[in-house]
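Peer 1: have a look; sequence and predicted model below, questions after that.
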Amino acid sequence: MLRLDERLLLDALKRRNASVRLVDAENLAAPDGLGLVGLIRVAGRSKVLPLAHTYEAAGGVSINSAQSLYISHDKYLTYLALRRAGVPTPRTALAFGLEPALKAAEALGYPVIVKPLDGSWGRLVSLAKSPDDLASIVAHKRHLESSMQEFLVQEYVEKPGRDIRVTVVAGRAVAAIYRYSSSDWRTNTARGGKAEPVEIDGELEEISVKAAEAVGAMYAGIDVVESRDGYKVLEVNGVPEFKNVQRVTGVDVAGAIAEAVLEVARR
């Protein structure tokens, strides 16, 4: 069953008389029969990367590229890419166990955020306010997810009860929303956060576009927080949901993505 995001994209492409074929990844026997240009909308790392590589191995185009998806699906690789590009982002440490995590948290200062390298919608992301909190969180996460042998410890950034999701398409910030939450420090709309439109200023546009370029994404959802030191990028999503951005702002995000995809296909 198609999600709303994919239905919006399909409608936008059809309005532009594009020749479109839907491919259900669950019923796919790769590598044959995919075509030459693929707009990949499966979210899981285990599916999205092989599909992207399949298109590129056949001389086709994956949107986004396999390399950008590889980076954006790994929060630590994203952090390194943002830091290398000079994009402001919270200080972050990779830890392979509790002892290095405790050292990182002490250096960053409590409270700290603990998160997996891969994940979305704020799942398995926790706030540790003390060493005891951190030890309990690590033990609990490893109980829930045995593969979680490495994780990130990140400085907690005070924010005004909201963050910003910016949708970047082909080097332009096309739309953005504030995401609020009255009951949780996480502001994902998937967790029930309220959304309002954002008037994109020059600084927000610049940092968001640079973040997308840092991971090599043609289009992306950029999560930004307003800190005391200005905007900071929290995450880059290479297979972003945009239905709430489109609904709240009235901007035809799906149309902007469709135009960018068709421009690539015409090359």
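Peer 2: Sure, I can see it. Please read all numbers here as calculations on a predicted model, not as lab measurements. Numbers count the residues shown, from 1 in each chain.

Peer 1: confidence score at the residue nearest the centre of the chain?
Peer 2: Centroid-nearest residue in the chain: residue 237, 1.7 Å away (criterion: C-alpha atoms, centre = their mean). If you check residue 237, the pLDDT there is 96.

Peer 1: equivalent analysis for residue 245, please.
Peer 2: 97.

Peer 1: what sits up against the helix or strand hosting it?
Peer 2: Residue 245 is part of helix 243-249 when elements are defined by DSSP states H and E. For helix 243-249, contacts defined as C-beta atoms under 8 Å, 6 or more residues apart in numbering pick out 3-5, 8, 165, 167, 175-177, 189, 195-198, 221, 251-254. Quick note: C-beta positions are derived from backbone N, CA and C, even for glycine.

Peer 1: now do the buried residues in that helix.
Peer 2: Neighbour-count burial for helix 243-249 flags 243, 244, 245, 246, 248, 249 (criterion: 16 or more other C-beta atoms under 10 Å).

Peer 1: which residues sit against the helix or strand of the chain with the lowest mean pLDDT?
Peer 2: Here the helix or strand of the chain ranked lowest by mean pLDDT, DSSP states H and E is helix 131-144, holding a mean of 86. Residues from elsewhere that reach helix 131-144, judged by C-beta under 8 Å, 6+ apart: 98, 101-102, 105-106, 110, 112, 114, 116, 124, 126-128, 148-149, 151, 153.

Peer 1: PyMOL command for the buried members of those residues?
Peer 2: In PyMOL syntax, the buried subset of the contacts of helix 131-144 is picked out as below (16+ other C-beta under 10 Å):
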select buried, resi 101+102+105+112+114+116+124+126+127+128+148+151+153
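
Peer 1: taking the contacts of helix 131-144 one by one, which sit in strands?
Peer 2: Under the assignment DSSP state E, these contribute 112, 114, 126, 127, 128, 151, 153 to strands.

Peer 1: wait, which of the residues you listed is closest to residue 229?
Peer 2: Lowest distance from residue 229 to those (C-beta to C-beta) belongs to residue 112, with 17.4 Å.

Peer 1: so who does the closest one touch?
Peer 2: Taking C-beta under 8 Å, 6+ apart, we find residue 112 in contact with 104, 105, 127, 128, 134, 153, 154, 155, 156.

Peer 1: how does it look with 7 Å?
Peer 2: 105, 128, 153, 154, 155, 156 (C-beta atoms under 7 Å, 6 or more residues apart in numbering).

Peer 1: I'd like those written out as CSV, with pLDDT and distance to residue 211 added.
Peer 2: CSV is the format used below for the contacts of residue 112 (pLDDT from 0 to 100; distance: C-beta to C-beta, whole Å):
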residue, pLDDT, distance to residue 211
105, 97, 25
128, 96, 26
153, 96, 21
154, 97, 16
155, 96, 18
156, 95, 20
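
Peer 1: which one among those residues gets closest to residue 15?
Peer 2: residue 154 (41.2 Å).

Peer 1: from what I see, that closest one and residue 94 are in contact.
Peer 2: No. Contact criterion C-beta atoms under 7 Å: residue 154 and residue 94 do not qualify, at 10.2 Å.

Peer 1: for residue 236, what are phi and psi?
Peer 2: When read as degrees, to the nearest 10, the backbone of residue 236 gives phi -130, psi 130.

Peer 1: mind checking how far it is from residue 93?
Peer 2: Here residue 236 is placed at a distance of 19 Å from residue 93 (C-beta to C-beta, to the nearest Å).

Peer 1: who has more neighbours, those two?
Peer 2: residue 236 (28 against 19; other C-beta atoms under 10 Å).

Peer 1: and the more buried one, what is it in contact with?
Peer 2: So residue 236 contacts 72, 78, 211, 212, 215, 217, 220, 222 (C-beta under 7 Å, 6+ apart).

Peer 1: out of those residues, list just those in strands.
Peer 2: Of the contacts of residue 236, the ones assigned to strands by DSSP E are 220, 222.

Peer 1: I'm done for today, thanks for sticking with me.
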